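A.B. asks: Got a predicted model here, sequence first, then my questions.
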Amino acid sequence: MPVILVVEDEQDIRRFLRTSLEAEGLHVFEAGTVATAVVEAGTRKPDLVILDLGLPDLDGIAFIERVRTWSELPILVLSARVEEAQKIAALDAGADDYLTKPFGVGELVARVRALLRRRMKGADVDAPTVTWGDVKIDLVRRTVERAEVPVHMTPIEFRLLSLLVCNPGAVMTQRHLLREVWGPSHSDQSHYLRIYMGRLRRKLEVDPARPQHFTTETGIGYRFVLDR
Amino acid sequence: MAAPDRDRPDPDTLLAQLQHQHALSQRGKLRVYFGASAGVGKTFAMLAAARKRQEEGRDVLIGVVETHGRSETAALLDGLALLPQKQIEYKANRLLEFDLDAALAIHPELILVDELAHTNAPGSRHPKRYQDVEELLAAGIDVYTTVNVQHLESLNDVVGGITGIRVNETLPDRVFDRADEVMLVDLPPDELLNRLREGKVYLPEQARHAAKNFFRKGNLIALRELALRQTADRVDDQMREYRVDEAIGQIWKTRDGVLACVGPNAGDEHVVRSASRLAKQLDAPWHAVYVETPTLQRLPETHRANILRTLKLAQELGAQTATLPGQTVEDAVVDYCGRHNLSKIVVGRDRASYLQRLRRSFADRLVLASPELEIVQVPSSTSGIAQQSNRIHTGPPARRAKSPRWAGYAWAAVYCAVAMAIAWPLPTWFEPVNIAMLFMLAVVLAAVRHGRGPAVLAAVLNVAAFDFFFVAPRLSFAVGDVQYLLTFVVMLVVGLIIGHLTGHLRYQARVATHREARVRSLYEVARELSVALLPEQVVSISEGFIQSTFRAKSALLVLSDTDSLTLPAATTTGLNLSLLDLSIAQWVNDRAEPAGLATDTLPGAALLYLPLRAPMRTRGVLAVQPSNARWLLVPEQRRQLETFAALAALALERLHYVDVAQRALVRIESERLRNALLSAVSHDLRTPLTALVGLAETLTLMQPALPRAQGELAEAIRSQATRMTTVVTNLLDMARLEGGGVKLNRQWHPLEEVIGSAVAANASLLRHHVIEVGDFNALPLLEFDAVLLERVFSNLLENAGKYTPAGTGIRIDAFLRERDVEIVVADTGAGFPAGGEETIFEKFTRGEKESATPGVGLGLAVAKAIVNAHGGKMWAESAPGGGARFWFTLPRGHPPATELPADEVDPGDVNSSALPSRHG
């Protein structure tokens, strides 16, 4: 039974999180401060942490940084809508996904499931091919086909595409994508990233204006969704 | 090392020229019609040219034109717009003058103003018409005008010498020199005389007699030559300037300047004019100085006034003037030349008396003092006052009070008596020669303590007493031995020398004290100003300083935050506020130029108005009412006053910026406070709402499922809590946007991306609507805050979703316009009720019909505020076929270049050709 650690100082929120997660068959531990959370994370060996960023003793980001020194376990961050910068900081520090308060239980459970699934079959990400709908990507041979017709990709397009499809479900911040694809010197030219995301969508999405797989996390970055 | 390229003009010179030309291009152009005398047809030529300009479609106005009743000229006035002249009441006369304010108000492209040298009626803004013209030019209006050669200031005395008639209306040469174009209007003397005879040149009756002497052929030829030569000089200068411009040849100018030495003689005006001409020929800066020596300090009032007048003339002719204190004139002059890099000195030739011829002339003394100086001697012209110059030394001292001087003579007598009393019993033991020493002592004492006059008296009295009482035969003035004559002479000479030396020392001490007092008072006021914390303190320091230093009444007008000057309620110096003219003060402030008493602008005013010039801008005006208007003419006093004005301006500017900094601090602090408050409120509201939504949803999902009624209740709680969240979000956003606390995170985005995420975010709300999104491939990147713009689309979509029935179509489109992009969110629902387009963006209108779905109106207001913050606008309209359309615009701005390397241009992808760097 997967173990979830909920780090949240508000008791009512902890309560409904526990109820809905336990209803999904997950084992839940709780912590109200960063200090206790670090101890719990070390002793309970959780498979996933749900972390509120506003905690009474320390910033939630401090917790992420500490945990990341010894573990790759997925972290789902809870945060208010207006705090984009905080979310980006948390993601850059190593958080895997975020949920904006207030959120629905359905959404929460879906995210938790996706993160756990990724953790369970972590090795599969390195599979040489990724397919969805009529699109087939061969990461080894560096080819892309759509409806069995080869699609031409420029070098940058392909680098961006492979980075995204290797991290399905994860939110990738703009800075991270820019640094990985264009190199560290281009981190201030985010409009290039947006142009290339547009090009990928036009080549691989059914309706580029309403993307199903290459979704935008406005103000934060992008996410590749493999299965809808 | 290679020698510097001598053919290349100095870049600094070229830069200065460029800036000069730039400044000129803003100004209007001045064209002068220049002639040798009246009647050559200047006005006619000017009018003809003006008509031509008007035919070319330019906006021409006649400011003032003197036709002198000439019919040919008057005929040219037809069809040209004429500015009515202003009437000025002066001593029961009604004078007509050019109306400067009206001309500035009409602001034509070109204005005609005849007779540039004209002197305005008292009470006009400027004493001279050329100053009116300067203002017109500064306002960017072109001016055509006329000038006769005899009106040029530097030629004034030359023309006077030729014709025997001196004109009072003169024009400073710099005005003429700065004219953009000079048109010479030439007429041979014979023809002019013919025209005069034929009566084509009309002269009023009273002028006829004077004119008879003036319009003689000899005069006319000489004047014509002057006019032609003046024009030729000008053309020559232009040629030289052109050479510099075009780098044809470099002219390395030595910037050694010219110095005019001004003395107390009226003839020194001639020296000043000569120096001015010389400086102009050399294109060099020039100075005029007056050296105040102990001797000259005792000059009578008339001479002192004369000197100030000469210095003022020099200033008008473009010189920098100064009064120098000094022991001897030549030392002070040589010192001044050294400091200001002046190599040529113009001096008046001494018209020495017989006695003075024995001494070296001033020029010779200068040569001895500094052999490397070039000295130009000019004859001093004759004048009544010059005749008095010999009386300088005997003239009554100007300043010293009478009584102490008589006391000095009395004291001399007392010394003499004391010496007598002491010496009386001595002859029994001492030789008369030794007794004489006692009397010598008395003379020295008198000289040291009371100066030259008492010393002479003491010498005479002592010699007489010595002779009478001690020289055999005693008790008679008969001198048995001639040797006592020597005693007498020595005593007199010693008395004179010591008296002279003492006088000098006293004078130097006084000059030093004066200078020190001046410096100290400025230093002290600077110190006081530096600690002033309020403008009121600056005002009171300033008034106190001017009161104590200049014995003048004053008022400091400080510029308010709204850039206007206001009259102070009262001044501590007792200045009569009714004398203060706010309009003059405002003019001074706007122009940053002094005006009023002792200036060129409105000299008739009761006060002197000085601008408080600070580095950034003018900070106000200092109005001064001196007890004696004359001291404003003394360059030192004036300079000290100006220095003080600059100090006060700096203090005011410092206070202004302290104020600005404080306000900024308060704003930053309140902004910080508001943001802290908002985020605290946001956290405190959101946390319970999150719990509420989550708990209610958990209830609905409970296993085993709740009975139906309770399940519906739980669902209702959930949906109300969600709606509450929306309202809170909108409220907080509105508070942020209204408070100006929102910092837009503007970046370049494709529009479709943010539309896509907005549509996705509202997917569940709009699952029964049909959403269409236009093709945005042709749109350029737009600069906006993606999070906020997504809110705009979300709120508009939410609005459409809530107010239209299921199945309604919603379409989002964007249109590229010249300066911005117009975006429309249109639905095919019922549209607005009549007039609803206007009020829909209003926030809460309490008491009016309340919406059944609260918070939505606020959402639209938030959307509108976000669009406004991006520099766009938002409006709503009803579609013709029914349905609502929400329009908003975003400025296009200047998208960044999106150059791609060759291997990134994708030939197979049709859309890559529509990269956002292409506009429309």
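C.D. replies: Cool, got the structure. Numbers count the residues shown, from 1 in each chain, chains lettered A, B, ... in the order given.
A.B. asks: Next, count neighbours for residue B:623.
C.D. replies: Residue B:623 is flanked by 30 other residues according to other CB atoms under 10 Å in any protein chain shown. C-beta here means a position set from N, CA and C on the backbone, and glycine is covered the same way.
A.B. asks: beta partners of it?
C.D. replies: residue B:555, residue B:609 (DSSP bridges).
A.B. asks: what sits against it?
C.D. replies: B:554, B:555, B:556, B:557, B:575, B:580, B:585, B:596, B:607, B:608, B:609, B:610 (CB atoms under 8 Å, 6 or more residues apart in numbering or on different chains).
A.B. asks: Assess the claim that the first one and residue B:571 are in contact.
C.D. replies: What it means is residue B:554. Yes - between residue B:554 and residue B:571 there is a contact under CB atoms under 8 Å: 7.2 Å.
A.B. asks: any residues in contact with both of those two?
C.D. replies: With CB under 8 Å, 6+ apart, residue B:554 and residue B:571 have common neighbours residue B:543.
A.B. asks: If you count surrounding residues, which of the two has more?
C.D. replies: The neighbour comparison of residue B:554 against residue B:571 (other CB under 10 Å) goes to residue B:554, with 26 against 22.
A.B. asks: which among the contacts of residue B:623 gets closest to chain A?
C.D. replies: Proximity of the contacts of residue B:623 to chain A (CB to the nearest CB) peaks at residue B:557, which lies at 49.6 Å.
A.B. asks: So the closest one lies in a strand, does it not?
C.D. replies: Yes - assessed with DSSP: H, G, I helix; E, B strand; the rest coil, residue B:557 lies in a strand.
A.B. asks: ok so, going back, now the contacts of residue B:623: which count as buried?
C.D. replies: By neighbour count, with 16 or more other CB atoms under 10 Å in any protein chain shown, these hold B:554, B:555, B:556, B:557, B:575, B:580, B:585, B:596, B:607, B:608, B:609, B:610 as buried.
A.B. asks: who does the residue lying farthest from the centre of chain A bridge with?
C.D. replies: Going by CA atoms, centre = their mean, the residue of chain A most distant from its centre is residue A:149, 30.7 Å out. Here residue A:149 shows beta-bridge partners residue A:146, assigned using DSSP bridges.
A.B. asks: Tell me the spacing between it and chain B.
C.D. replies: 11 Å (CB to the nearest CB, to the nearest Å).
A.B. asks: where does chain A have low pLDDT?
C.D. replies: A:81-82, A:121-127, A:187, A:228 (pLDDT under 70).
A.B. asks: hmm, 50 instead?
C.D. replies: Within chain A, the stretches with pLDDT under 50 are A:123.
A.B. asks: Over to the stretch 701-850 of chain B?
C.D. replies: B:845-850.
A.B. asks: residues from it in reach of chain A?
C.D. replies: Counting by CB under 8 Å from any CB of the partner chain, the residues of the stretch 701-850 of chain B close to chain A are B:701-703, B:721-722, B:725, B:729, B:732, B:745, B:747-750, B:752-757, B:759-760, B:773, B:776, B:781, B:785-787, B:790.
A.B. asks: Apply 7 Å and report the result again.
C.D. replies: With CB under 7 Å from any CB of the partner chain as the criterion, the stretch 701-850 of chain B meets chain A at residues B:701, B:703, B:725, B:729, B:747-750, B:752-757, B:759-760, B:773, B:781, B:786-787, B:790.
A.B. asks: Buried ones among those?
C.D. replies: B:701, B:725, B:729, B:747-750, B:752-757, B:759-760, B:773, B:781, B:786-787, B:790.
A.B. asks: how far out from the middle of the chain is whatever helix or strand residue B:678 lives in?
C.D. replies: Element membership of residue B:678 [criterion: DSSP states H and E] is helix B:635-701. Centroid separation between helix B:635-701 and its chain, computed with CA atoms, centre = their mean, to the nearest Å, is 34 Å.
A.B. asks: repeat for stretch B:464-472
C.D. replies: The answer for stretch B:464-472 is 73 Å, by CA atoms, centre = their mean.
A.B. asks: swap in stretch B:361-380?
C.D. replies: Per CA atoms, centre = their mean, the centroid offset for stretch B:361-380 relative to its chain is 38 Å.
A.B. asks: Next: stretch B:864-876.
C.D. replies: 42 Å.
A.B. asks: Could you check it against chain A for contacts?
C.D. replies: No - using CB under 7 Å from any CB, stretch B:864-876 never reaches chain A; the gap is at least 13.3 Å.
A.B. asks: Please identify the buried residues of that stretch?
C.D. replies: Under 16+ other CB under 10 Å, the buried positions of stretch B:864-876 are B:864, B:865, B:866, B:867, B:869, B:870, B:872, B:874, B:876.
A.B. asks: same thing with stretch B:632-651?
C.D. replies: Going by 16+ other CB under 10 Å, stretch B:632-651 has these buried residues: B:632-633, B:635-638, B:640-641, B:644-651.
A.B. asks: so which of the residues you listed comes closest to residue B:300?
C.D. replies: Using CB to CB, residue B:633 is the member of the buried residues of stretch B:632-651 that lies nearest residue B:300, at 17.0 Å.
A.B. asks: Which strand or helix spans the closest residue in space to that closest one that isn't next to it in sequence?
C.D. replies: Among residues not flanking residue B:633 along the chain, residue B:308 sits closest, at 4.6 Å (CB to CB, 6 or more residues apart in numbering or on different chains). Secondary structure assigned from DSSP H and E places residue B:308 in helix B:301-316.
A.B. asks: tell me what that helix is packed against?
C.D. replies: Here helix B:301-316 touches strand B:257-262, helix B:268-282, strand B:286-292, strand B:320-325, going by 3 or more CB pairs under 7 Å, 6 or more residues apart in numbering or on different chains; DSSP states H and E.
A.B. asks: For the longest one, name the packing helices and strands.
C.D. replies: Applying 3+ CB pairs under 7 Å, 6+ apart, one finds that helix B:268-282 makes contact with strand B:257-262, strand B:286-292, helix B:301-316, strand B:342-348, strand B:374-378.
A.B. asks: hmm, try it at 6 Å
C.D. replies: strand B:257-262, strand B:286-292, helix B:301-316, strand B:342-348 (3 or more CB pairs under 6 Å, 6 or more residues apart in numbering or on different chains; DSSP states H and E).
A.B. asks: related to what we said a few turns ago, pLDDT of the helix holding residue B:308, averaged?
C.D. replies: The pLDDT scores in helix B:301-316 average 79.
A.B. asks: Buried residues in it, which are they?
C.D. replies: B:303, B:304, B:306, B:307, B:308, B:310, B:311, B:312, B:313, B:314, B:315, B:316.
A.B. asks: go on, stretch A:17-31?
C.D. replies: So stretch A:17-31, judged by 16+ other CB under 10 Å, has buried residues A:17, A:18, A:19, A:20, A:21, A:24, A:26, A:28, A:29, A:30, A:31.
A.B. asks: residues in chain A within reach of chain B, list them.
C.D. replies: A:10, A:12-13, A:16, A:19-20, A:80, A:84, A:101-102, A:104-105, A:152, A:154, A:156, A:190-191, A:194, A:198, A:202, A:209-211, A:216, A:218-219 (CB under 6 Å from any CB of the partner chain).
A.B. asks: Go through these and flag which are in helices.
C.D. replies: A:12-13, A:16, A:19-20, A:84, A:105, A:156, A:190-191, A:194, A:198, A:202 (DSSP state H).
A.B. asks: What subset of those is buried?
C.D. replies: Here, 16+ other CB under 10 Å leaves A:13, A:16, A:19, A:20, A:84, A:105, A:156, A:190, A:191, A:194, A:198, A:202 buried among these.
A.B. asks: quick one: the strands in chain A?
C.D. replies: Under the criterion DSSP state E, chain A contains strands at A:3-7, A:27-31, A:48-52, A:75-80, A:97-101, A:129-132, A:135-138, A:143-146, A:149-150, A:171-173, A:214-217, A:221-224.
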